[in-house]
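here's a sequence, model it:
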Amino acid sequence: MSKTITVKLKKSTITCTEKQKACVRGLGLRKTGTTKTLENTPAVRGMIKKVIHLLEISE
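Numbering: from 1, shown residues only. As a prediction, this is how the structure comes out:
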């Protein structure tokens, strides 16, 4: 298992709930198209799972 995960915000958070918006902000993503490299931890994977329909993930 790799130690990092790269996530890209591919859809807007306009129609999302506040919890989903908080998860996206917690991952460090702001605008559509932004990319962030994060540690592969259970907390990060849980946040990704909540908003996976908005993200593009690569390891």
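
list the contacts for Lys19?
Counting by CB atoms under 8 Å, 6 or more residues apart in numbering, Lys19 makes contact with Lys50. C-beta coordinates here come from the backbone N, C-alpha and C atoms, glycine included.

ok, then the element right after the helix or strand where it lies?
Using DSSP states H and E, the element containing Lys19 is helix 18-26. Where DSSP H and E defines the elements, the next helix or strand beyond helix 18-26 is strand 35-39.

which strands border that following strand, and is each parallel or antiparallel?
As defined by DSSP bridges, the strand partners of strand 35-39 come to strand 4-9 (antiparallel).

contacting residues around the partner strand?
Contacts to strand 4-9, defined as CB under 8 Å, 6+ apart, come from residues 24, 27, 29-40, 44-45, 48, 54-59.

are any of these buried, and which?
Using 16 or more other CB atoms under 10 Å as the burial test, these include Val24, Leu27, Leu29, Leu38, Val44, Ile48, Leu54, Leu55 as buried.

turn the residues you listed into JSON lines, including distance to Leu9 and pLDDT.
Shown next, in JSON lines, are these (distance: CB to CB, whole Å; pLDDT from 0 to 100):
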{"residue": "Val24", "distance to Leu9": "7", "pLDDT": "97"}
{"residue": "Leu27", "distance to Leu9": "8", "pLDDT": "96"}
{"residue": "Leu29", "distance to Leu9": "4", "pLDDT": "97"}
{"residue": "Leu38", "distance to Leu9": "13", "pLDDT": "96"}
{"residue": "Val44", "distance to Leu9": "15", "pLDDT": "96"}
{"residue": "Ile48", "distance to Leu9": "11", "pLDDT": "97"}
{"residue": "Leu54", "distance to Leu9": "6", "pLDDT": "97"}
{"residue": "Leu55", "distance to Leu9": "6", "pLDDT": "97"}
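
mind checking how far Thr4 is from Gly33?
Separation of Thr4 from Gly33 (CB to CB, to the nearest Å) stands at 20 Å.

is Val44 in a helix, a strand, or coil?
Look at Val44: counting by DSSP: H, G, I helix; E, B strand; the rest coil, its state is helix.

now do the one 3 residues further on
Assigned with three-state DSSP, Met47 falls in the helix class.

fine by me, thanks again.
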